[in-house]
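In: Sequence first, predicted model second:
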Amino acid sequence: MEVYPEWIEAGESVSVHITVTNLDPNCAQGPFNIELVDDSGVKWWPKKDTDYGCSGCGYVIQDGALKIYAGKTMSEWTDFNNIAQTTTLYLKVGGKTLASAKINVKQDGPVKASMECKPTVVPLDGSTTCTVYFELKSADTITLNLEEIDFGGKKVWPNGPSSVTVNEQTVTLTPTNMQEDLTITINIDDELANYYFGKPIYRTYINKLSGHSYLIEVRFSEPSYPVSDIITVIYKDTRSGTDKAIDYGSTAGKIISTAQLVAEGSNPIGWTVFIITNLPKLGKAASEIQWTFEWGVDGFTQKMTTMQLWGDDKWKSLSLSLSFWELSSHYLLSHFQGRLVFVSLSCWLLDISQHN
């Protein structure tokens, strides 16, 4: 469960994203009573006499009871208006608390701050500039120090990638200078991706950033609450001309054919040339395997829009790849006495990379 924004002025509104997943791939679950309540036990959601979801959506909520189908996820957004005080919301299903989220109401202080990022939709290798606006509410002189910048739940400043830069780290407000601003530039580049996810075996995970939304959160010494905005990263082909010239679309069967010719001595290119010419493809595929099994890399954090990272098609591709590997390894073992088993594994890696 997520609340956005986490910090609001008294009387403002919030949006709450509620998700529940049925981890059983075979059986539907429910109906269970589902409710969102606050600290005092007052019910906020679902609304009385309102149905949610549908059988085609994978879940149904009727009369406050949730039925969720096998392997499906319930996803509902709901808005609450005129929030007067700090409140914690609890999601209860079948009487058990599954999640909680806090709505923070800003207390009156000497400084009011807000932030806006432009553009909010950023392509890979693009950038966004976030401007933090300050307004002094008292007759005092106050100095504000930038302390931390988070991108999608991960700290990226200070001591982060050079992809994140600020025009200044300190802002001073006085009775004669009651309004100021500070700008933060975030480049959606290879360095940011490698810092966010971890460095892959081959090249970069920048493409993994696309198709998701990220909360950018900035903290200062004053006020006590962070300021934030959300950006969405969209896909753009970031490959160089050299990379585009590499045929990542070669099928596994072509490589096996080449390997067979090499092994039988009828292809003059030899093993060395065969391996070198296929290294870029194998490297890219190896990075995909590293990503899939999270070997030395980090996945997405919670402070971003919840999305399904593994779709049915990709699992189907993985299943087909495994079947292909079994068949190809059997073929190679029977024809080459085990000398080319590693090639069948390479083909499996390539097959997965083609479905990415």
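Out: Arrived safely, thanks for sending.
In: By mean pLDDT, point me to the weakest helix or strand of this protein.
Out: Of all helical and strand segments in the chain, the minimum by mean pLDDT, DSSP states H and E falls on helix 312-336, at a mean of 36.
In: What is the three-state secondary structure of S224?
Out: coil (DSSP: H, G, I helix; E, B strand; the rest coil).
In: Could you measure from it over to K106?
Out: 8 Å (C-beta to C-beta, to the nearest Å). Every C-beta, even on glycine, is put in place using the N, C-alpha and C of the backbone.
In: same check, this time on S127
Out: In terms of C-beta to C-beta, S127 sits 29 Å off from K106.
In: do L89 as well
Out: Taking C-beta to C-beta, one finds L89 at 18 Å from K106.
In: Give me the more crowded residue out of these two.
Out: The neighbour comparison of L89 against K106 (other C-beta atoms under 10 Å) goes to L89, with 21 against 16.
In: What residues of whatever helix or strand that one lives in count as buried?
Out: Assigned by DSSP states H and E, L89 falls within strand 87-93. Judged by neighbour count using 16 or more other C-beta atoms under 10 Å, the buried positions of strand 87-93 are 87, 89-93.
In: what's in contact with that strand?
Out: 1, 3, 16, 18, 20, 32-39, 44, 66, 97-103, 105 (C-beta atoms under 8 Å, 6 or more residues apart in numbering).
In: what about P25, which SS state?
Out: With three-state DSSP as the criterion, P25 reads coil.
In: Please name the residues that touch it.
Out: Contacts of P25 by C-beta under 8 Å, 6+ apart are 70-71.
In: Tell me if I'm right that G211 and K236 touch.
Out: No: with contact defined as C-beta atoms under 8 Å, G211 does not count as touching K236 (11.5 Å).
In: Next up, the contacts around the nearest residue to D190 once chain neighbours are set aside.
Out: The shortest distance from D190 to any non-neighbouring residue, by C-beta to C-beta, 6 or more residues apart in numbering, is to T204 (4.1 Å). Contacts for T204 (C-beta under 8 Å, 6+ apart) come out as 190, 193-194.
In: now do T131
Out: So T131 contacts 115-118, 181-184 (C-beta under 8 Å, 6+ apart).
In: and it, bridged to which residues?
Out: Taking DSSP bridges as the rule, T131 bridges to E116, T183.
In: For burial, what's the neighbour tally of E76?
Out: 19.
In: Are we agreed that E191 is in a helix?
Out: Yes: per three-state DSSP, E191 lies within a helix segment.
In: just checking, it touches V164?
Out: No: using C-beta under 8 Å as the test, E191 is too far from V164 to be in contact (9.5 Å).
In: Looking only at neighbour counts, state which of the two leads.
Out: Between E191 and V164, counted using other C-beta under 10 Å, the more crowded position is V164 (20 against 15).
In: any residues touching stretch 163-179, and which ones?
Out: By C-beta under 8 Å, 6+ apart, stretch 163-179 touches 111, 133-136, 139-146, 149, 151, 156-157, 180-189, 191-192, 195.
In: Oh, that last question was meant for stretch 64-73, not what I typed.
Out: 19-35, 46, 55, 57-61, 74, 93, 308.
In: Using PyMOL, define a selection of the buried residues within those.
Out: Applying 16+ other C-beta under 10 Å to the contacts of stretch 64-73 leaves a buried subset, and the PyMOL line that selects it is:
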select buried, resi 20+22+28+29+30+31+32+34+35+46+58+59+60+61+74+93
